[in-house]
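**Q** just coords:
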C-alpha cells in the first residue's frame, strides 16, 4: 500500500504548492519591503513569512536584489503593456482618458502595497544606485512615456493647449506620489485625517490639471 505522501492526490498537491511558491515568495517580499524597507529586510524573514526555507528562496531568486526586481516587475513594470493597450483602445476624449488613468492608478496600485515601492525608492535610492537605476528604467521612464502619450493625444486633437508636455507629466505624477507617501505613512502624519479622501483628492487634482491644459478659444480682438 503506498504511503500517503506518494498517492496521486498528495503528489498533485505538492506540484500545485511548488507552482505557487514563487508567487508566495513575491507576496511576502512585497509586504516586508514595504513594512521595513529594502535595507532592513532579510531574506530569512521573507522565506519565513512565505513558509519556506532560506535555501528554497534561493532556488528561485539568486539574491535579495533579484528578489526585489521580481517584486517590482510583478507589481508595477510588468503591467505597463496592459495599461498601454488601454490607451490604444480608448475612443473617448483625452480628458476622460487622463481622468481614468489617475483614478484607476489609485484603484490598481495606489491603494495597494505596490505603491509602497514608490516610497521605498524615494527613501532608499541614494543608498542603492543600482536599484535606483533599475526602478528608473523599469517604472519611472515607462510611466512618464505613458502619461506623455495621453497628453500628446490631447494636444494633437486640439483638446489641450500647447504646453511643455515633458514638464506637464510631472503635474500628473506629483499627486500620485503624494498619495503613495500618504498611504504608507504613520497614522500620525498630519495629512492622515478622517476628512482626507484619496478619491476626492484625485478628482480635485484632475479638475485642476484639466483646467490648466484645456484649449480655449482665442479672445475676440474686436472691441465690444
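**A** It's in. In this text, all values refer to a predicted model and were calculated from it rather than measured experimentally.

**Q** what ranges do the helices span in the protein?
**A** For the chain, helices defined by DSSP state H occupy the ranges 8-36, 43-50, 54-60, 64-75, 80-89, 94-105, 116-124, 129-135, 141-156, 165-183, 198-213.

**Q** can you give me the angle the second one makes with helix 64-75?
**A** Relative orientation of helix 43-50 and helix 64-75, computed by axes from the mean of the first three to the mean of the last three C-alpha atoms, to 10 degrees: 40 degrees.

**Q** quick revisit: put together a markdown table for the helices of the chain, with mean neighbour count on each row.
**A** All C-beta atoms are positioned from the backbone trio N, CA, C, and that covers glycine. As requested, the helices of the chain are arranged in a markdown table below (neighbours: other C-beta atoms under 10 Å):
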| stretch | mean neighbour count |
| --- | --- |
| helix 8-36 | 15 |
| helix 43-50 | 18 |
| helix 54-60 | 14 |
| helix 64-75 | 19 |
| helix 80-89 | 12 |
| helix 94-105 | 18 |
| helix 116-124 | 19 |
| helix 129-135 | 15 |
| helix 141-156 | 17 |
| helix 165-183 | 17 |
| helix 198-213 | 15 |
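
**Q** Could you dump those into a markdown table and include mean pLDDT?
**A** Below are the helices of the chain laid out as a markdown table (pLDDT from 0 to 100):
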| stretch | mean pLDDT |
| --- | --- |
| helix 8-36 | 76 |
| helix 43-50 | 96 |
| helix 54-60 | 95 |
| helix 64-75 | 96 |
| helix 80-89 | 95 |
| helix 94-105 | 96 |
| helix 116-124 | 95 |
| helix 129-135 | 96 |
| helix 141-156 | 96 |
| helix 165-183 | 95 |
| helix 198-213 | 94 |
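
**Q** quick one: terminal-to-terminal distance for stretch 126-143?
**A** 21 Å (C-alpha to C-alpha, to the nearest Å).

**Q** Would you mind pulling the contact partners of that stretch?
**A** Outside of stretch 126-143, the residues within contact range by C-beta atoms under 8 Å, 6 or more residues apart in numbering are 38-39, 65, 68-69, 72-73, 76-77, 80, 117, 121, 124-125, 173.
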